[in-house]
Each structure stands twice: as structure tokens, then as C-alpha cells.
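# Pasting the sequence and the predicted model now:
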Amino acid sequence: MANSNVIDPNDVQEEGYSKRGRRLGVYIYVLPNLMTTANLFCGFMSVIMSIQSNYKMAAILVVIAAVFDQLDGRLARLTHATSKFGAEYDSLCDLVSFGMAPAILMYLWALNPFGRIGMMACFLFVACGALRLARFNVQVDVVEKNYFQGLPIPMSAGILTSSYLAFDDLGWKPSDEFMAPLLLAMVVMMSFVMVSNFRYRSFKDLDLKQRLPFRYLVAGLLVLITVALKPEVMIFVLFLTYGTLGAVFGVLQLGKKRKLLKATAYAPETTSEAENDIQEEEEDET
């Protein structure tokens, strides 16, 4: 009888090596991941600026990080350079730029007087952002493409950082009456809507490269003029309106209902039953 305690050398796996002892090499697409690294750098510098009480620059750096976040995804798709490594790296960088950076900005700028309550509110935002990113990664292949499940973390970060730009432009201060409690409530609300099941329109079905009705151009012109009148304030209003409307529609259960796909506790799998549910939803839409 063979000794059951003998270890097969093929089953031995050390860090950096395959099960057969071959050294593993990692090959990545450089250009999109450089954009992701630029996103991370902006988030890191935003934290530094917040610590130095340069809140305006901290807010602007989060906005620049959002631009790089859009560029890396578009570059990856245009150059056919999408990869699992890039997706995971992007989520890690997003947690710094759109989770940690705006949370530290809000705490040092507005919520510091609340003490531990303000600290825990900002931590709640970071934690919910991490949960939102993790859920997105495991459900990316089974959720509908035209809607986000929960408010995306870049939009939540945009709402928090643009609130500083709006307050600074209007001359308001968190120390003014009722302002600090409103900002605290906003941070908590943004935390919960990120991990909610509220459906937010992604506009991925809107292809601007194709011909569209004339009214789309008029609507875009009106939005551009509205933002140009007072950019810092109107950007905050538009972001907050997007985040609030999704929450209101979700609470009141307005809009078309969707079936919940059955999934495992850890990561959903595109089973035949799930594929049938998705196909049924697409048939209902057509």
C-alpha cells in the first residue's frame, strides 16, 4: 500500500511558481494601466492636499482622477487590452481615489467637529465603497449593462468633493448653522446608496457616434449652458440630483422591476437559469 503521507512534488506550489515549479511571469497592457496608475497618483496627492488643508486642490485632484478612470477603461476597450489584472488594479486604485481621498477631505474640512461620529461616518463611506467595488467585480457578467446596481463610487466621490467646491464658491462654511449636520447626513446617505440595490442609469446604451433625434443636441446644449453659468455649484447640483433621484425611485419602487438572479453566496455564476432570466428580461424590453 502506498504511503498516504508522501507529497506529490507536482502539488507543491510556492509563491511566484506554478504547481510544477515553473516560474510565473506576469504580462500586462502598459498604456491603460499607466492611466490607472495616474488615477491612483491623483488620489494619493488629494489625501496629501487634504492633510495640508488645501481642500480645493484636493477636490480638483479627485476630479482629475475621475478623468483618468474614464480614460483607462476606454483605452483598454479601444486597443483590445482588457484583462483581469487591469480590472482588479482599477478597483484597488478607485478605492484610494474615490473612497479614501474624499472621505479624508470631508472629515478634515467639515466633519472633524463631530469627533468620533464624523470619523465613523467617513469610515462608513470608505467601507461601503470597498463593498460596492467588490460586488461590481463579481457581478459584472450577470447584471444588466444599462443600469448600475447602487450608486457608482466615482459618482459618490464626485458628490462629496463637488460639495466643497460649491460651498467655497458660495462662501458657505461647515460651521454655519445646520450646514455640518447636512454634510454628515449626505456622507451617510452616499454610503448606503452605494451598497443598495437602487438602479442608476449608466447611459451605456446611448451611442453618441450614431445619429440621434435633434432634441438630444438641444438637451446637451441646455446642460452645457446651465453648468457654465456657475460650474462649481451646478456640477454639485447635477451630481446630487442624479444620486438622490436614484434613491427616491428605489425607495418608492418606481420604474420597471427586474428579476433577481439566483447566485452563489460568494460570486454569481452565469448558470443556464440565470441566462434564461436575462433572456426573458431582454425579450420584455423589446
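Okay, I see it.
# quick one: low-confidence ranges for the stretch 151-286 of the chain?
Counting by pLDDT under 70, the ranges of the stretch 151-286 of the chain that qualify are 204-209, 254-286.
# can you give me the helices for it?
153-170, 179-194, 214-229, 231-252, 272-285 (DSSP state H, counting those that start in this stretch).
# Buried by neighbour count: which residues of the second one qualify?
If you call a residue buried by 16 or more other Cβ atoms under 10 Å, then helix 179-194 has these buried ones: Ala180, Leu183, Leu184, Met186, Val187, Val188, Met189, Met190, Ser191, Val193, Met194. Bear in mind the C-beta positions are built from the backbone N, C-alpha and C, glycine included.
# Excluding covalently adjacent residues, which one is nearest to the first one?
I take that to be Ala180. Distances taken as Cβ to Cβ, 6 or more residues apart in numbering put Pro174 closest to Ala180, at 4.7 Å, once the chain neighbours are dropped.
# What of the last one?
Closest residue to Met194 in three dimensions, ignoring its sequence neighbours and counting by Cβ to Cβ, 6+ apart: Arg132, at 4.3 Å.
# do the second one as well
Counting by Cβ to Cβ, 6+ apart, the nearest residue to Leu183 once its immediate chain neighbours are dropped is Ala110, at 4.6 Å.
# Could you measure from that neighbour over to Phe178?
When distance is defined by Cβ to Cβ, to the nearest Å, Ala110 is 12 Å away from Phe178.
# And for Ile117?
Per Cβ to Cβ, Ile117 is found 16 Å from Phe178.
# got it, and Ala219?
Distance, Ala219 to Phe178, by Cβ to Cβ: 34 Å.
# before we move on, what about Leu75?
Going from Leu75 to Phe178 by Cβ to Cβ gives 44 Å.
# one step back: pull the number of nearby residues for the residue nearest to Leu183.
When neighbours are counted by other Cβ atoms under 10 Å, Ala110 registers 26.
# who touches it in this structure?
Listed by Cβ atoms under 8 Å, 6 or more residues apart in numbering, the contact partners of Ala110 are Gly118, Tyr164, Pro174, Met179, Ala180, Leu183, Leu184.
# hmm, 7 Å instead?
By Cβ atoms under 7 Å, 6 or more residues apart in numbering, the contact list for Ala110 reads Pro174, Ala180, Leu183.
# How about Met155?
Phe239, Tyr242, Gly243.
# Among these, the buried ones, what's the ChimeraX command?
With 16+ other Cβ under 10 Å as the criterion, this ChimeraX line picks the buried residues out of the contacts of Met155:
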select :239,243
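# Distance to Val63 for the contacts of Met155 - can I get that in JSON lines?
Below are the contacts of Met155 laid out as JSON lines (distance: Cβ to Cβ, whole Å):
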{"residue": "Phe239", "distance to Val63": "11"}
{"residue": "Tyr242", "distance to Val63": "16"}
{"residue": "Gly243", "distance to Val63": "16"}
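# Pick out whichever of the contacts of Met155 sits closest to Arg201.
For these, the closest approach to Arg201 (Cβ to Cβ) belongs to Tyr242, at 8.6 Å.
# How about the closest one: what's its closest non-neighbour residue?
Closest to Tyr242 by Cβ to Cβ, 6+ apart is Met155, at 6.6 Å.
# and the gap between that neighbour and Phe203?
According to Cβ to Cβ, Met155 and Phe203 sit 12 Å apart.
# Kindly report the same for Thr241.
Distance of Thr241 to Phe203, computed by Cβ to Cβ: 15 Å.
# Please apply the same query to Leu34.
27 Å.
# Look at these two and report which has more neighbours.
For Leu34 versus Phe203, the count of surrounding residues by other Cβ under 10 Å is larger for Leu34: 14 against 10.
# before we move on, which element is the more buried one in?
Taking DSSP states H and E as the criterion, Leu34 maps to helix 30-51.
# Could you name the helices and strands sitting against that helix?
Packed against helix 30-51 by the contact rule (3 or more Cβ pairs under 7 Å, 6 or more residues apart in numbering; DSSP states H and E) you find helix 55-78, helix 84-95, helix 101-106.
# would JSON lines of those with distance to Gly150 be doable?
Listed next are the helices and strands packed on helix 30-51 as JSON lines, based on distance: least, Cβ to Cβ, whole Å:
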{"stretch": "helix 55-78", "distance to Gly150": "17"}
{"stretch": "helix 84-95", "distance to Gly150": "14"}
{"stretch": "helix 101-106", "distance to Gly150": "17"}
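# Which of those has the highest mean neighbour count?
Comparing the helices and strands packed on helix 30-51 by mean neighbour count (mean count of other Cβ atoms under 10 Å), helix 101-106 comes out on top with a mean of 27.
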